[in-house]
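S.K.: Got a predicted model here, sequence first, then my questions.
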Amino acid sequence: MIDLCRPAVEVAPDLLGWQIAAVGAAGRIVEVEAYEPDDPASHSFRGPTKRNDVMFGPPGRLYVYLIYGIHLCANVVVGSPGRGSAVLIRAIEPVAGESVMADRRGIERPTSLGSGPGKLCQALGITMAHNGLDLLNANSAVHLIEPTVATSSPIVAGPRIGITKATDRPWRFGLVESKHLSRRFV
DNA sequence: TGCCCGATTAACT
DNA sequence: GTTAATCGGGCAA
């Protein structure tokens, strides 16, 4: 078990290759982004609120929020407890329950099942009701599974996507060889 | 109380 | 390449 109580920037790349399991489906994490407490692009930047409350809770919890009034995004709370660090899961590649994922997504194409933060939430059936779940507990409806074999796939870093602040921080990490990235790394 | 805008996606041209 | 869809948080008044 890796130590989640480290800065998001350190934990984020370590989360690549992990599996995220939900009801009826599971995927392998191939793309993430790090968000730090002193990061203007982070929800935790302005301190605790009703929405970001779980970000300030213990590491290993699931932080779910609504974006653009339409899509959900899933984050893993990390860092020192109560500081407000998190790692956004941006893309997964299907490992199990692909038909269930395709069903929830309403599409067929395997590479479109989890190639985006909103997409993977939909594919895994993650909702606001899952906010605050303990991702390290195998009994949780949504939980993480550490890879048994260390990932040897090359990892790339690049600027984060879709933010307007702190755009210069290269805190997006991904497995280059994956065909399930939300976007290519340049 | 009201207004603006976003860690996105899919359907357009 | 462009844009609509859609809603809760954060900030101003």
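M.R.: Looks like it arrived, so ask away. No experiment lies behind these values; they were computed from the predicted model shown.
S.K.: Neighbours of the residue in chain A positioned nearest to DNA strand B, how many?
M.R.: Closest to DNA strand B within chain A is A:G162: 1.5 Å, counting by CB to the nearest atom of the strand. In this view, the C-beta of every residue, glycine as well, is placed from N, C-alpha and C. Neighbour count for A:G162, taken as other CB atoms under 10 Å: 14.
S.K.: And for A:V32?
M.R.: 26.
S.K.: Check A:E108 too.
M.R.: 10.
S.K.: which residues does it contact?
M.R.: Listed by CB atoms under 8 Å, 6 or more residues apart in numbering, the contact partners of A:E108 are A:A102.
S.K.: Please tell me how far it sits from DNA strand C.
M.R.: 20 Å (CB to the nearest atom of the strand, to the nearest Å).
S.K.: Please apply the same query to A:V77.
M.R.: Taken as CB to the nearest atom of the strand, the span from A:V77 to DNA strand C is 16 Å.
S.K.: near DNA strand C, which residues of chain A show up?
M.R.: Proximity of chain A to DNA strand C (CB under 7 Å from any atom of the strand) is limited to residues A:H43, A:R46, A:T49, A:K50, A:R51, A:N52, A:L66, A:Y68, A:G69, A:I70.
S.K.: so which strand or helix has A:V77?
M.R.: According to DSSP states H and E, A:V77 maps onto strand A:71-78.
S.K.: Touching that strand from outside, list them.
M.R.: Applying CB under 8 Å, 6+ apart, the set of residues contacting strand A:71-78 is A:4-8, A:11-12, A:15, A:20, A:35, A:54-55, A:57-67, A:85-89, A:117-118, A:120-122, A:124, A:126-128, A:135, A:142, A:144.
S.K.: Which of the residues of chain A next to DNA strand C has the largest number of neighbours?
M.R.: A:N52 leads the residues of chain A next to DNA strand C on contacts (other CB under 10 Å) with 20 neighbours.
S.K.: Report pLDDT for that one.
M.R.: Per-residue pLDDT puts A:N52 at 92.
S.K.: Look at the residue of chain A most remote from its centre and give its secondary structure.
M.R.: Most distant residue from the mean C-alpha position of chain A: A:E108, 22.4 Å away (CA atoms, centre = their mean). Following DSSP: H, G, I helix; E, B strand; the rest coil, A:E108 is assigned to coil.
S.K.: Look at it and report its pLDDT.
M.R.: Model confidence at A:E108 (pLDDT) stands at 74.
S.K.: Can you list the buried residues in the helix or strand in which A:L144 is found?
M.R.: Of the helices and strands defined by DSSP H and E, A:L144 is found in strand A:143-145. For strand A:143-145, the neighbour count (16 or more other CB atoms under 10 Å) marks A:H143, A:L144 as buried.
S.K.: Summarise which helices and strands the helix or strand just after it is packed against.
M.R.: Next along the chain after strand A:143-145, taking DSSP H and E as the criterion, comes strand A:155-158. Packing contacts for strand A:155-158, counted by 3 or more CB pairs under 8 Å, 6 or more residues apart in numbering; DSSP states H and E, involve strand A:172-175.
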